[in-house]
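Novice: Fold the stuff below for me.
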Amino acid sequence: MRTVGKNVERWTLVLGLAALVVSFIFKEAWIGAFRPIGFTSLVICPLLGLVGLVGSIFHKNILFAFLNGLLALSFFLIMGIGYSLLG
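Specialist: Next comes the predicted model:
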């Protein structure tokens with residue numbers, strides 16, 4: 001249990017990125033009212049990003065704080081990139 005608390009910012013970042021990759025692979029599956037990318041970017045990634053952000057601030061790790069902050073804002077980043085590329 002001690003090692004999980006010590007590396008919480010790394011594990012949340014890895015799990016969030018893995019969830020994004022899996023949701024990009026299975027684009028056409030439906031989860032309730034959401035597609036996987038919507039569910040992942042609206043629910044899973046912000047929760048994991050906030051947990052990782054708190055853990056990285058607690059451990060004073062600026063790089064992982066920045067990366068987990070981006071993970072928490074993944075919905076807005078994905079939507080912005082999509083609209084700028086696809087119009």
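Novice: and the residue most central in space within the chain, how far is that from K60?
Specialist: The centroid of the chain falls nearest to C45 when counting by Cα atoms, centre = their mean (3.0 Å). The gap separating C45 from K60 is 23 Å, by Cβ to Cβ, to the nearest Å. Every residue, glycine included, has its C-beta placed from N, CA and C.
Novice: ditto for F34
Specialist: Applying Cβ to Cβ to F34 and K60 gives a distance of 36 Å.
Novice: most residues in a single helix of the chain, which one?
Specialist: Longest helix in the chain, counting residues (DSSP state H): helix 8-25.
Novice: ok, and for that helix, which residues are buried?
Specialist: Of all the residues in helix 8-25, those buried under the rule 16 or more other Cβ atoms under 10 Å are V8, E9, R10, W11, T12, L13, L15, G16, A19, L20, S23.
Novice: Can you name the element that comes right after it?
Specialist: Downstream of helix 8-25, the next assigned helix or strand under DSSP states H and E is helix 36-39.
Novice: Packing partners of that following helix?
Specialist: In terms of contacts (3 or more Cβ pairs under 8 Å, 6 or more residues apart in numbering; DSSP states H and E), helix 36-39 is packed against helix 8-25.
Novice: contacts for the helix it packs on?
Specialist: 4, 36-37, 39-41, 44-45, 48-49, 51-53, 55-56, 59, 61, 64-65, 67-68, 71, 74 (Cβ atoms under 8 Å, 6 or more residues apart in numbering).
Novice: let's see it at 6 Å
Specialist: Helix 8-25 has contacts (Cβ atoms under 6 Å, 6 or more residues apart in numbering) with 36-37, 40, 44-45, 48, 51-52, 55-56, 61, 64, 67-68, 71.
Novice: Farthest-apart pair in those residues, please.
Specialist: P36 and N61 (29.6 Å; Cβ to Cβ).
Novice: okay, these two: which has more neighbours?
Specialist: P36 (20 against 16; other Cβ atoms under 10 Å).
Novice: Could you find the closest non-adjacent residue to the more buried one?
Specialist: Counting by Cβ to Cβ, 6 or more residues apart in numbering, P36 lies nearest to S23, which is 3.8 Å off, once chain neighbours are set aside.
Novice: next one: T40
Specialist: T40's closest residue in space is S23 (Cβ to Cβ, 6+ apart), at 4.1 Å.
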